[in-house]
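Asker: how does the following fold in three dimensions:
(one chain, ligands or ions: 1)
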Amino acid sequence: MATSFADFVKSRKEQENEKDRSASILYAHPTDSTVQRLLSRAGLQGSVEAVINSYLRVTFGTFLHDSVQVSPRQFPEMYAILTECAEKLSIPVPRLLIGPGEGGMGMNAFTFGTDEHSFVHVTSFLALQLSPEELRFVIGHECGHIQNQHVTYLTLAYLLHYQLFNKFWHKPDDYKFPMLATRVPLASWQRRAEVTADRAGAICAGDTEAGARALIKLRLGFASLAQDVDVDAYLAQGEELRKQGLVVRGQELMQTHPLVVKRIKMLRLFAQSDLFYACTGLPRPAGVDLLQRTDLERETEQMVKVL
Ligand SMILES: [Zn+2]
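Answerer: Presented below is the predicted three-dimensional model:
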């Protein structure tokens, strides 16, 4: 186990060198893969990583050392889940930290940093309230962001919109256009990156229903309330949304994650696809026509698109 962050980065690089990082990721949402290729071709990655690393040192310097790192000696069951997810996705075992959410409450998980130096954080409340299968989905989802090299751009998006632009939001209208001009396309990519990461979570969990339960718990904030949710009735609310006009549906344009009702439906679609069985290695069910890739992506796009 690494004794310092520098040791951790060094060992991670050594592990990475042993792996073929250029292998294409089969299950990624096609738009997500295309955007990733364009961004890496634009050569932006290297120049923003230095800025992000400086920001992380200033903002998360103590946070990184004060949160509890999951390891074989600390939260060993969660460490086992983490290593299994990393192994399944062929990535080095990432640094996983547990700490309180805002005000000591809140269920949340996120991955921050750059593609080289990243860490996953889960809140204590989430660690307490999710079952091992649901945790496997959530940790697998975060590992999916790492495997698909989303971390640098997701962190950059957070810095731009939550740390920088939001400080100008109450200033004159002059600032609103540049904010919207970057936020809408960035959020559009982010929602598709979340689809990719949800698929990674489902691959790690070997199932999509644990993911559905985890997402409902995250939405409600309390595990005990999730017991009273009728998933089919909840998903029917998503159908009602489709009938709404642009004023209602357009609100999702600024959101970084698809609505939970959509995420669960997209997960269930993935579970009905040949791709899910190809990625998990699970035996294909006899006598069932599995969705082929083009149909899966067409139907997924219908759900993930906002307007
Ligand atoms: Zn995510």
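Asker: show me which residues of the stretch 151-300 of the chain sit near the ion.
Answerer: Selection of the stretch 151-300 of the chain residues close to the ion by C-beta under 5 Å from the ion yields 194, 197. C-beta here means a position set from N, CA and C on the backbone, and glycine is covered the same way.
Asker: which intervals of the stretch 151-300 of the chain have sub-threshold pLDDT?
Answerer: Along the stretch 151-300 of the chain, segments meeting pLDDT under 70 span 163-179.
Asker: ok, now with 80
Answerer: Low-confidence segments of the stretch 151-300 of the chain, defined by pLDDT under 80: 160-183, 242, 245-250.
Asker: then the stretch 1-150 of the chain?
Answerer: For the stretch 1-150 of the chain, the ranges with pLDDT under 80 are 1-25, 34-48, 51, 55-56, 58-61, 103-105.
Asker: ranges for the strands of it?
Answerer: Along the stretch 1-150 of the chain, the stretches classed as strands by DSSP state E, counting those that start in this stretch are 68-69, 95-99, 109-113, 118-123.
Asker: buried sites along stretch 212-223?
Answerer: Counting neighbours by 16 or more other C-beta atoms under 10 Å, one finds that the buried residues in stretch 212-223 are 212-219, 221, 223.
Asker: which one of those is nearest to Pro100?
Answerer: Nearest to Pro100 among those is Gly221, at 14.3 Å by C-beta to C-beta.
Asker: ok, now which ones touch the closest one?
Answerer: Neighbouring residues of Gly221 by C-beta atoms under 8 Å, 6 or more residues apart in numbering: 105-107.
Asker: I'd like to know which of those are buried.
Answerer: Buried among the contacts of Gly221 (16+ other C-beta under 10 Å): Met107.
Asker: which SS state does the residue of the stretch 151-300 of the chain found nearest the ion fall under?
Answerer: Residue nearest to the ion within the stretch 151-300 of the chain: Ala197 (4.5 Å; C-beta to the ion). With DSSP: H, G, I helix; E, B strand; the rest coil as the basis, Ala197 sits in helix.
Asker: OK, contacts around the closest residue to it other than its chain neighbours?
Answerer: Among residues not flanking Ala197 along the chain, Gly144 sits closest, at 3.9 Å (C-beta to C-beta, 6 or more residues apart in numbering). By C-beta under 8 Å, 6+ apart, the contact set of Gly144 is 89, 196-201, 203-204.
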